[in-house]
Structures are given as C-alpha cells and as structure tokens.
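Q: got a predicted model here, sequence first, then my questions.
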Number of protein chains: 2
Amino acid sequence: MDTDERIALAMAELLRKQGYAATGINQLARAAGAPTGSLYHHFKGGKREIAAAALRQTGAAYIQLLPLLLDAHDDLAAGIEALFAQAAEDMRDTGWANMCPVGTVTAETADTEPELREVAAEVMGTWVETGSRYFTTRGLAETDSRTVVFAVLSALEGAFVLARGLRSAEPFHAAGRTIKTYVASLCTEQPKTPTRARAQSGKRTGT
Amino acid sequence: MDTDERIALAMAELLRKQGYAATGINQLARAAGAPTGSLYHHFKGGKREIAAAALRQTGAAYIQLLPLLLDAHDDLAAGIEALFAQAAEDMRDTGWANMCPVGTVTAETADTEPELREVAAEVMGTWVETGSRYFTTRGLAETDSRTVVFAVLSALEGAFVLARGLRSAEPFHAAGRTIKTYVASLCTEQPKTPTRARAQSGKRTGT
DNA sequence: GTCTATAAAGGGATAGAC
DNA sequence: GTCTATCCCTTTATAGAC
C-alpha cells in the first residue's frame, strides 16, 4: 500500500470515529505514521482533500459488499435481512464505531464544506446506481430497484447512528425485517396489475 | 422564552447544520445574542453542557410530532407514509439542513464525548419507549410496535443524511413506502386480535 | 446577571533543511 | 520524498469590571 492510500485510510478511520471537524492534522499524521509536511506533499489541498480521498475510498469499498453479501442468498429478501444482521455484527465487533464515514461527514459538513458535500453526493450516487443495477439483475423492476436501494441505504445509515448511540443491535434487526418484508411483497406481486387492494386507502404515491 | 432556552435553541440550530466540533462558543454567543461570559453563567459545564441541553430540548420536541402527525390518519400505514412525506418537505423547505441534531452529534461524538453519547442514548430511548407505546394504542402488538419504532427512526435518521448529501427527497419516499408496506402487512395479518381499534374518540397522546 | 478582555492551548498550513 | 520548526489564527474558558 502506497503512502497516499495509507493516509486516506487513516483519515477514513478517524472520520468515522470523530467526524471531520474534530479530526486534526497532527492526529492524522500520527495515525498515518507520517509527519505533517508529508501529508501536504501528497495532498496539496490539505485536510479537505485528504477527507475527500477517504470518502471516495471507503465509498468504493462499501458498494462492493452489496453483491458480495447478497449473491450468497437465492432468496433476495432473506439476503437483505442477512445483510443487516451482518452490519449489526460488525458494529458490535468494532465497539459500536460508526461503520460509515460518508454519513458522518455529510451530516457534519454539507452546509459548510461544499467540496466535501459534492464528493459525498458523488459517492452516494454511485451507491444508488450500482445498487439499483444489481437489484435489477436479481429480478426487480427498475423503479422497485431504486426504491429498495434508497430504503436500504437510508435504513443502514440511520441504524448506524442509532446503534452507535444506544449500543444496541436492535435498529438493524428492525430495519432489516421491514425491508425484507417489502422486497418479499415485490417478488410475490409479480403481475403488473397491483393486486394489493387489501388496505382500503388509495395508493397514490405519485411524483 | 428565558435565556437558558434561547441559548440551547441556538445551539441546536448550529448542531444540526455543523455538528458539535465545528460549532464554536463565540459563534454560539453571536447566534444566541449573548456574550460568552453569559453562556458560562447559565451553563457552568460550558459547550458540552449546552449541547446536552440542546439535545434534550429537541428530543422532547420531536417525539411530540409522532402522535401529532399520525393521529390525523385512520389508516396507520398511510400515516407513516405521510410522516415521511412531511419530513421530506421540511428538509427541502429548510434548504436540506439536517433535521436532527441528535443523529449528527451521536455520529460525531459517541467515542470522544461519553457524556453526550449518554444524553443521546437517553433521548433515543425516550423516542423508542414513547413511540412504542403510541403504536400499541394504534393496535399493534408490543413486539411489532418496537420493531416499527426502530425501523421508522432508523429510516428517518438515514434519510436525513442521504437527502442532505444528495439534495433529494427520494430517500424519504422510498423509506416511507417500505415501512408503510410493513405496517400494512401487520394490520392485515392479525386474525387473532379483534379488528384493529382505529383511533376512537380518546386520543391517548400521553406524556 | 451582563459584558469585555485576556489567558492558555491547539488548530491548519508552510518554509526549508535534509 | 521525508521531516522539523514555526507562523498565524482560532479555540475554550476564565477573571473581573459594570
């Protein structure tokens, strides 16, 4: 691993534990095993550019996990539930550290660091596109794929935060169960005509 | 509104836009219309104590919204969807500011500020308990109520972050739709319990 | 209680030797 | 490319006048 990657990796590690503002250059230099001058040699943009690289790096790594975890399950709905269970396990094993620096940094800096927000949007956009394409290959309609991706990502990011605060895996299990149910309902309702007329209210969810 | 509340409110406003570490005492003093010395007079614990007060304040305010928004819908599932639509609208109207400082601060400081993590856990715990009780009054079984609360909170917190980064309401609509489907499946799959008691005259909006 | 001035410490970034 | 020393600025917190 070259120096650039090592620095970005150390930054990612700090970002998900402390966020962007609380992470200092000196602390990063210690964590990366490089003096401050070296940091600015590799990243002329300083702290901000290192954080951007860290977000892109972890973003690319995370999206690979989706097919990796879901391909193991023939039943897509069951796979979703397993994915959340896996995330819960990882959280607990790492002492309830936030698994996703992208979420933390976005929440923190979207209004104050436009450059970082754009990087976060770019990463999240990749997640949505890649994930959407994957779910389509698993048999979901395109609009359903997009809905599922957004639901999974939202639930994951939120569960990270709740689990981190409460030190409990319950958010993951609850989120996993609800989305599993939704995906299962899509698979059984293959016929185009919406037969889901059980609930009485109109389903105009347009826009 | 007395000075304590005004300071805590200004802090909450800054927390959800910038998070904890990036918010300075001087900036807070300007926002609250009080000099720094006054801040330390009202909150001897300084920045940390003000943040704690801000989290408790917004936590208490937010949980009141749950019955307020859901009581308007006889169909609980439809109410859930409307709740997410409302959150999406608020986000857009506020220029995609993060709606929940509790989530931001938790993600940021859970490992570095034990006091704030405990306050966040206390607030989230109140959300879960209060919300769970509410869903029970709407006819859900106790275990289902707990699942729904965790799912709603996770999806909301995550959608806040994704929407903030992408500047899009899509995460809310997707999350709302999935949980709506889950709640609807609970209501129709309840043969043993006598038909779900819709919100009859008595609006149990208890403490 | 309100406000000003300042202390003590740490931040990001840079220059320049090696 | 690596590392050290330093500049300048901001931070939190406090002391003490009003």
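A: Thanks, I have it. Numbering: from 1, shown residues only, chains lettered A, B, ... in the order given.
Q: quick check: A:Phe160 touching A:Val102?
A: No. Counting by C-beta atoms under 8 Å, A:Val102 is not a contact partner of A:Phe160; they are 10.3 Å apart. C-beta here means a position set from N, CA and C on the backbone, and glycine is covered the same way.
Q: buried stuff in the helix or strand that A:Tyr62 is a member of?
A: Using DSSP states H and E, A:Tyr62 sits in helix A:46-70. Within helix A:46-70, the residues that count as buried by 16 or more other C-beta atoms under 10 Å in any protein chain shown are A:47, A:49-59, A:62-63, A:66, A:69-70.
Q: check the residues you listed one by one and keep those near DNA strand D.
A: With C-beta under 7 Å from any atom of the strand as the criterion, the buried residues of helix A:46-70 include none near DNA strand D.
Q: how far does the very next helix or strand once past the helix holding A:Tyr62 sit from the chain's center?
A: Downstream of helix A:46-70, the next assigned helix or strand under DSSP H and E is helix A:76-93. For helix A:76-93, the separation from the chain centroid amounts to 13 Å (computed by C-alpha atoms, centre = their mean, to the nearest Å).
Q: which other helices and strands contact helix A:76-93?
A: helix A:46-70, helix A:142-166, helix A:170-188 (3 or more C-beta pairs under 8 Å, 6 or more residues apart in numbering or on different chains; DSSP states H and E).
Q: now these in CSV, with mean pLDDT and distance to B:Val148?
A: Putting those into CSV (pLDDT from 0 to 100; distance: least, C-beta to C-beta, whole Å) gives the following:
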stretch, mean pLDDT, distance to B:Val148
helix A:46-70, 97, 25
helix A:142-166, 98, 13
helix A:170-188, 95, 8
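Q: quick one: the helix or strand harbouring A:Ala8 near chain B?
A: A:Ala8 is part of helix A:3-18 when elements are defined by DSSP H and E. Yes. For helix A:3-18, a contact with chain B is found by C-beta under 8 Å from any C-beta of the partner chain, at A:Lys17, A:Gln18.
Q: near DNA strand C at all, that helix?
A: No. Applying C-beta under 7 Å from any atom of the strand, one finds helix A:3-18 separated from DNA strand C by no less than 10.0 Å.
Q: how close does the closest residue to A:Ala52 other than its chain neighbours get to DNA strand D?
A: Among residues not flanking A:Ala52 along the chain, A:Val119 sits closest, at 4.6 Å (C-beta to C-beta, 6 or more residues apart in numbering or on different chains). Applying C-beta to the nearest atom of the strand, to the nearest Å, the value for A:Val119 to DNA strand D is 23 Å.
Q: let me know the pLDDT of A:Val119.
A: Model confidence at A:Val119, given as pLDDT, is 98.
Q: now name the helix or strand holding it.
A: Going by DSSP H and E, A:Val119 is in helix A:114-137.
Q: need the contact partners of that helix.
A: A:20, A:48, A:51-52, A:55-56, A:59-60, A:62-63, A:66-67, A:70, A:76, A:102, A:105-106, A:109-111, A:142, A:144-146, A:148-150, A:152-153, B:162, B:165-167 (C-beta atoms under 8 Å, 6 or more residues apart in numbering or on different chains).
Q: DNA strand C next: which of those residues are close?
A: Okay, of the contacts of helix A:114-137 touching DNA strand C (C-beta under 7 Å from any atom of the strand), that's A:Arg48.
Q: in the helix holding A:Val119, what's buried?
A: For helix A:114-137, using 16+ other C-beta under 10 Å, the buried residues are A:116-117, A:119-121, A:123-124, A:127-128, A:131-132, A:134-135.
Q: okay if I get these as CSV plus distance to B:Asp93?
A: Shown next, in CSV, are these (distance: C-beta to C-beta, whole Å):
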residue, distance to B:Asp93
A:Leu116, 24
A:Arg117, 19
A:Val119, 25
A:Ala120, 21
A:Ala121, 20
A:Val123, 26
A:Met124, 21
A:Trp127, 26
A:Val128, 23
A:Gly131, 28
A:Ser132, 28
A:Tyr134, 34
A:Phe135, 31
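Q: neighbours around the residue in chain A positioned nearest to DNA strand D, how many?
A: Minimum separation of chain A from DNA strand D (C-beta to the nearest atom of the strand) falls at A:Gly37, amounting to 2.3 Å. Burial measure for A:Gly37: 8 neighbouring residues, criterion other C-beta atoms under 10 Å in any protein chain shown.
Q: roughly how far does it sit from A:Ala12?
A: Note on A:Gly37: its distance to A:Ala12, by C-beta to C-beta, to the nearest Å, is 21 Å.
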